[in-house]
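Peer 1: Only the shape, not the letters, is given here:
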Ligand SMILES: Nc1ncnc2c1ncn2[C@@H]1O[C@H](COP(=O)(O)OP(=O)(O)OP(=O)(O)O)[C@@H](O)[C@H]1O
């Protein structure tokens, strides 16, 4: 469970990225976060794993405060939170296998991680994860030889071997064409349904949010202005909250 308690983020320049957010995301939910550019979507998502330090309030993950966690606890909490980025964040010159197995690093001491000491079980997890995302045959390919969609699948596989029960996806389809976008969204949905992983995803496309989410959270100026099911997020409701601009946003164009 992810719980936001009176969370505010004030950037150094005084801009408030989030304003007094109170929110609970339950295990197994598929939550899309929508809103116009600058609404606070990335700030919200990156606060969950403390890539972004919040200024006030508390964020609690499965009963433990990530906000107040010391270094050791932070590492333990983060191990359970996978992250998928718009630009994949792979080591391009490394093989698919190496990139995916790096999802296990949180389970090892620094010494073992530096020398890349992984177990047979870790390699088996990599094979299983690549099978799930349809890339079993790419195990030894260099990551930069893959298409954008395939690279995004590698990053999904990395969160699978991490065995993270929470997946944060920050505009994961913003650089992809519509067909690849559908495939990636379906992969995420499948993982959500089959493994019961919680997915929190930032999207520019309202249509995608409606198609795939169990819940949509709408932000405006750092505040939650909509929180409901996909069916409740009608054009009329969203236009009332945001104006027509929210419906015009397309992938990658804010
Ligand atoms: N590092 C920063 N320093 C100062 N202000 C920032 C910083 N990062 C974000 N902001 C501001 O915080 C607000 C929320 O930004 P955020 O990136 O979370 O929005 P977003 O909804 O993800 O936007 P987009 O859809 O364009 O990615 C914006 O006003 C933005 O300008």
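Peer 2: Now that the structure is in, tell me what you want to look at. What you see is a predicted model; the values in this text were computed from it and never measured.
Peer 1: Find the least confident helix or strand in this structure, judged by mean pLDDT.
Peer 2: Counting by mean pLDDT, DSSP states H and E, the chain has its least confident helix or strand at helix 110-114, which shows a mean of 64.
Peer 1: chain center to the helix or strand just after that helix: distance?
Peer 2: Using DSSP states H and E, the next helix or strand after helix 110-114 towards the C-terminus is helix 120-132. Distance of helix 120-132 from the chain centroid (C-alpha atoms, centre = their mean, to the nearest Å) equals 21 Å.
Peer 1: got it, and stretch 82-100?
Peer 2: Put simply, stretch 82-100 sits 14 Å off its chain's centre (C-alpha atoms, centre = their mean).
Peer 1: repeat for stretch 2-12
Peer 2: 18 Å.
Peer 1: Can you check the pLDDT for residue 236?
Peer 2: In this model, residue 236 is scored at 89, pLDDT.
Peer 1: Now do the helix or strand containing it: which elements does it pack against?
Peer 2: Taking DSSP H and E as the criterion, residue 236 maps to helix 235-242. On a contact count with 3 or more C-beta pairs under 8 Å, 6 or more residues apart in numbering; DSSP states H and E, helix 235-242 meets strand 215-220, strand 223-228, helix 245-248. Where you see a C-beta, it was placed from the backbone N, CA and C, and this is true even at glycine.
Peer 1: Quick check: which of these is nearest to the ligand?
Peer 2: strand 215-220 (6.5 Å; C-beta to the nearest ligand atom).
Peer 1: Compute the inter-axis angle for that closest one and strand 223-228.
Peer 2: Relative orientation of strand 215-220 versus strand 223-228 (axes from the mean of the first three to the mean of the last three C-alpha atoms, to 10 degrees): 160 degrees.
Peer 1: just the angle between strand 215-220 and helix 235-242, please?
Peer 2: 30 degrees.
Peer 1: mind putting the helices and strands packed on helix 235-242 in JSON lines, distance to the ligand, mean neighbour count and mean pLDDT included?
Peer 2: Formatted as JSON lines, the helices and strands packed on helix 235-242 follow (distance: least, C-beta to the nearest ligand atom, whole Å; neighbours: other C-beta atoms under 10 Å; pLDDT from 0 to 100):
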{"stretch": "strand 215-220", "distance to the ligand": "6", "mean neighbour count": "23", "mean pLDDT": "96"}
{"stretch": "strand 223-228", "distance to the ligand": "11", "mean neighbour count": "16", "mean pLDDT": "96"}
{"stretch": "helix 245-248", "distance to the ligand": "11", "mean neighbour count": "14", "mean pLDDT": "81"}
